[in-house]
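Colleague: what follows is a predicted protein model with its sequence.
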Amino acid sequence: MTSKKIFTILIHAFIGWAICAAIMGIGMQLFSMKTTLIIHAIGGPLGFLILSLIYFKKFNYTSPLQTAIIFIAFIIFMDFFIVAFLIEKSFDMFTSPLGTWIPFALIFLATYFTGLIVSKK
């Protein structure tokens, strides 16, 4: 895989992560934490569904499973080092199923199934 292909998939992962971060940042200013987490658990996977659709239709350098793994690994890496370690200086976010684990699972599934559906067409 070329560096251009790697950059392409990572930029898609970054955009998805940024969408999730924006949902959380804006949501915390407007709503309660629980409401924000619910919006994030819905909006994050929807954002990745759209990004996956674009990625698989235009680029499709990796399989659906590889793409889902790369996307979720990128999100976990960024959440761990940027959000938890640098910004919050706490890893408490990883104790919340609604705050992390449910969105992670739904993002993985949205990416994977989008890839499967697009690949069949």
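Modeller: Sure thing, it's come through.
Colleague: give me the neighbour count for residue 114.
Modeller: 23 (other CB atoms under 10 Å). Every C-beta, even on glycine, is put in place using the N, C-alpha and C of the backbone.
Colleague: next: residue 95.
Modeller: 10.
Colleague: again, but for residue 54
Modeller: Residue 54 has 14 nearby residues by other CB under 10 Å.
Colleague: with residue 62 instead?
Modeller: Applying other CB under 10 Å, I find that residue 62 has 20 neighbouring residues.
Colleague: please apply the same query to residue 112.
Modeller: 20.
Colleague: that one: which element?
Modeller: Per DSSP states H and E: residue 112 is located in helix 102-120.
Colleague: any idea how far residue 64 is from the closest residue to residue 98 other than its chain neighbours?
Modeller: Distances taken as CB to CB, 6 or more residues apart in numbering put residue 37 closest to residue 98, at 4.6 Å, once the chain neighbours are dropped. Distance of residue 37 to residue 64, given as CB to CB, to the nearest Å: 27 Å.
Colleague: repeat that for residue 77.
Modeller: Taking CB to CB, one finds residue 77 at 20 Å from residue 64.
Colleague: more neighbours: those two, which one.
Modeller: Taking neighbours as other CB under 10 Å, residue 77 and residue 64 compare with residue 64 leading, 19 against 12.
Colleague: give the contact list for the more buried one.
Modeller: 56, 111, 112, 113, 114, 115, 116, 119 (CB atoms under 8 Å, 6 or more residues apart in numbering).
Colleague: spatially, what comes nearest to the fourth one if we skip its sequence neighbours?
Modeller: Distances taken as CB to CB, 6+ apart place residue 64 nearest to residue 113, at 7.6 Å, with adjacent residues excluded.
Colleague: burial of residue 8, as a residue count?
Modeller: When neighbours are counted by other CB under 10 Å, residue 8 comes out with 17.
Colleague: my read: residue 119 touches residue 56, true?
Modeller: Yes. Using CB atoms under 8 Å, residue 119 makes contact with residue 56 at a distance of 6.9 Å.
Colleague: residue 41 is in contact with residue 98, isn't it?
Modeller: Yes. Assessed by CB under 8 Å, residue 41 is found in contact with residue 98 at 6.0 Å.
Colleague: many thanks, we can stop here.
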